[in-house]
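In: Pasting the sequence and the predicted model now:
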Protein chains: 2
Amino acid sequence: MEISSNGKPIYFNLGFNPLLNLIEKNNYSQVFVLVDEHTSELCLPILRDGLGDFQNYSIIETQAGEQHKTIDFCIGIWNTLLDFNADRKSLLINLGGGVVTDMGGFIAATFKRGIDFVNIPTTLLSQVDASVGGKTGIDLDENKNMIGTFSIPEAVFIESEFLETLPKREILSGFAEIIKHGLIADDVLFDQILNSNLESIHPDLIIKSVTIKNKIVEHDPKEKGLRKILNFGHTIGHAIETYSLQNDPQPLNHGEAIVVGMLCEAYISTVVNKLTPEELNIIVDFLLKIYPKYSLEENAFDQILLTLAYDKKNENHQLMFSLLNRIGDCDFNINVSNELIIESLNFYQDLK
Amino acid sequence: MEISSNGKPIYFNLGFNPLLNLIEKNNYSQVFVLVDEHTSELCLPILRDGLGDFQNYSIIETQAGEQHKTIDFCIGIWNTLLDFNADRKSLLINLGGGVVTDMGGFIAATFKRGIDFVNIPTTLLSQVDASVGGKTGIDLDENKNMIGTFSIPEAVFIESEFLETLPKREILSGFAEIIKHGLIADDVLFDQILNSNLESIHPDLIIKSVTIKNKIVEHDPKEKGLRKILNFGHTIGHAIETYSLQNDPQPLNHGEAIVVGMLCEAYISTVVNKLTPEELNIIVDFLLKIYPKYSLEENAFDQILLTLAYDKKNENHQLMFSLLNRIGDCDFNINVSNELIIESLNFYQDLK
């Protein structure tokens, strides 16, 4: 299956022949593949097989982990490209999770004012989230995705085979974004999610999830309006993620933090928007069934509020939330007070 | 006078009321003005006067000089913006020469995936060159403009008043780009240039020069074809500039290096393209009359050829030149051998 996103293709489980065609059509001067130490070991062999006789590319390896999505690593990779004498007709293939595709996209978008790039997301999270929308980015100290661009890859390849390389915790992290897509835009998808088998994510859930996100970002590429509904769960969720990274020896991953964020923001949706208490219960029961409860110390609240004050989605110093109307529908640009945010954190804390 | 460039206005000598209108219309949350230590002293008072009652902006000062157009300075300014709690509805006004507008444009284009920016070029060079085309960029070690984006400012303000703050050597640097615009696209402009008064550059020369560049970049925004003619003089010129920066205690400025590049490339145009020896003589006589002769040691040649091998305009490892057909017309994508490049450097060296 294939869909079009901003005029460029996203391929689902079609193998890498379309990549070979793209490389041939554009007559790239050089092809680079960016990997981290995990995808180098687990995913590169799959890509290598898929490319058949075409093995004329250079591997650039970076370090795995959000803490390496920094400008220093970009400088290292820009210099590596220069050492290889990469020109503007070069192609960069990003093979990895969100760290590799976000950072690789930024590196490509800014190297010599922009070279072509292709994303091959290898985690469930990056397949359903970073695969569409053209967001590239790196962190600036503890500030996530503070520096970046909107840049569209020439193609995206989503292959279920890569998911077999992932531990269950990684699968659940990506599954949180699929849940979000159901909650904000599609109650039928949400019903499917409630009844799905977590041991093996059905490709149909991935395709539906990507298609929902794609419709939203095509309608609003620069996040001026509708696209903000994709931030449901992510305002508080990002702040929780930052807090956990800074304070926990075993920090939450992205999906786990977003689950906490979705629970808090679903609670706020019930208080200030139209989500019913019954719907809130359905969401709470399902998420607590499959995700571990995070224990949030009360002295964390100030730090979370401070992180929220720096959220890049803020406008005119106002914290803007996207909140559910019902399961399958979401509003955006709703201002929420610090008091209500704290109330929602307390709500989460009290969940059993 | 006002022209449109990529849908955004360039204002000539109209003062800053249109800037006030832009700020009011877009309801920016905060306004920042990026200056260097020179424009802070010499140009900021002019802007301040021009903005009348509106004085609600924050000044960010960087250091003057190409050697500070680096990622380290970007990191410092990104962090300053964060310290000010700048959000996506912020505006960055770049007040300065090419270093400030190139780097400020890149900072704005990548901060939180892009905020609006306005350029107020204050040198003749940046008024006639960096003012149109949307190129932003910084250097990576000794590699000029290696990292950047194509991003269009919301408006550009070209004010002759700023030129009164400049030493003559700076004026001549910018004048080299005006000469280039005549050589590649407009023989009538070139005639005006031959007869112009260098003590006070007539605004008409600036407007014509910007209009020529604007027509070219609007036709080819991403430098796929025609836009390459703007590189006339810049292939060898950039390499000379890099060489001089690395080796001379008092290095050439951009325009002076481009003049050397134009003389070499005019020579090559006569050898492999249709520029007549008579036209070459006119160009040589005029440029040597107003620019100092640079004495190029023969042991510089290897270093210059090495820099050329890294030029970001290269494709498939081929050095591509833009060469004159005649005064007022230029071709692009012409491959030139290293032997002919050396011959042209010897030609320059032998000029009296």
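Out: Arrived safely. Owing to the predicted nature of the structure, the values given are computational and were not obtained by experimental measurement.

In: Just give me the neighbour total for residue A:184.
Out: Residues lying near residue A:184 (other Cβ atoms under 10 Å in any protein chain shown) number 27. All C-beta spots, glycine's among them, are computed from the backbone N, C-alpha and C.

In: In space, what's closest to it - neighbours in sequence excluded?
Out: residue A:330 (3.9 Å; Cβ to Cβ, 6 or more residues apart in numbering or on different chains).

In: Let me know the secondary structure of that neighbour.
Out: State at residue A:330, reduced to three classes by DSSP: H, G, I helix; E, B strand; the rest coil: strand.

In: wait, it sits on residue A:323?
Out: Yes - here residue A:330 reaches residue A:323: they are 6.9 Å apart, a contact under Cβ atoms under 8 Å.

In: and for the two, which residues touch both?
Out: residue A:232 (Cβ atoms under 8 Å, 6 or more residues apart in numbering or on different chains).

In: check contacts around the residue nearest to residue A:184.
Out: When contacts are counted by Cβ under 8 Å, 6+ apart, residue A:330 is found next to A:183-185, A:229, A:232, A:322-324.

In: Identify the bridge partners of it.
Out: Taking DSSP bridges as the rule, residue A:330 bridges to residue A:324.

In: can you give me how far stretch A:24-40 is from the chain middle?
Out: Here the centre of stretch A:24-40 is set off from its chain's centre by 21 Å, with Cα atoms, centre = their mean, to the nearest Å.

In: same question, stretch A:116-130
Out: From the chain centre to the centre of stretch A:116-130 is a distance of 8 Å (Cα atoms, centre = their mean).

In: How about that stretch and chain B, any contact?
Out: No - judged by Cβ under 8 Å from any Cβ of the partner chain, stretch A:116-130 stays clear of chain B, getting no closer than 11.5 Å.

In: first to last residue in that stretch, what's the distance?
Out: End-to-end distance of stretch A:116-130: 17 Å, with Cα to Cα, to the nearest Å as the criterion.

In: next one: stretch A:76-93
Out: 17 Å.

In: And for stretch A:59-67?
Out: 21 Å.

In: does any part of that stretch sit near chain B?
Out: No - Stretch A:59-67 stays clear of chain B (Cβ under 8 Å from any Cβ), getting no nearer than 15.8 Å.

In: how far is that stretch from where the chain is centred?
Out: Remark: stretch A:59-67 is offset 17 Å from the chain centroid, using Cα atoms, centre = their mean.

In: Can you give me the buried ones in that stretch?
Out: Across stretch A:59-67, burial judged by 16 or more other Cβ atoms under 10 Å in any protein chain shown covers A:60, A:62, A:64, A:66.

In: now what about it, what contacts it?
Out: The contact list for stretch A:59-67 (Cβ under 8 Å, 6+ apart) reads A:32-40, A:44, A:68, A:73, A:76-77, A:80-81, A:96-97, A:99-100, A:103, A:139, A:144, A:245.

In: what do you get if the cut-off is 6 Å, keeping everything else the same?
Out: A:32-38, A:40, A:73, A:77, A:80, A:99 (Cβ atoms under 6 Å, 6 or more residues apart in numbering or on different chains).

In: tell me, which of these make contact with chain B?
Out: Near chain B, judged by Cβ under 6 Å from any Cβ of the partner chain, there are no entries from the contacts of stretch A:59-67.

In: could those residues be laid out in CSV, adding neighbour count?
Out: Supplementary listing: the contacts of stretch A:59-67 in CSV, determined by neighbours: other Cβ atoms under 10 Å in any protein chain shown:
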residue, neighbour count
A:32, 24
A:33, 25
A:34, 27
A:35, 25
A:36, 21
A:37, 13
A:38, 19
A:40, 19
A:73, 17
A:77, 22
A:80, 17
A:99, 24
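
In: With that, I have no additional questions.
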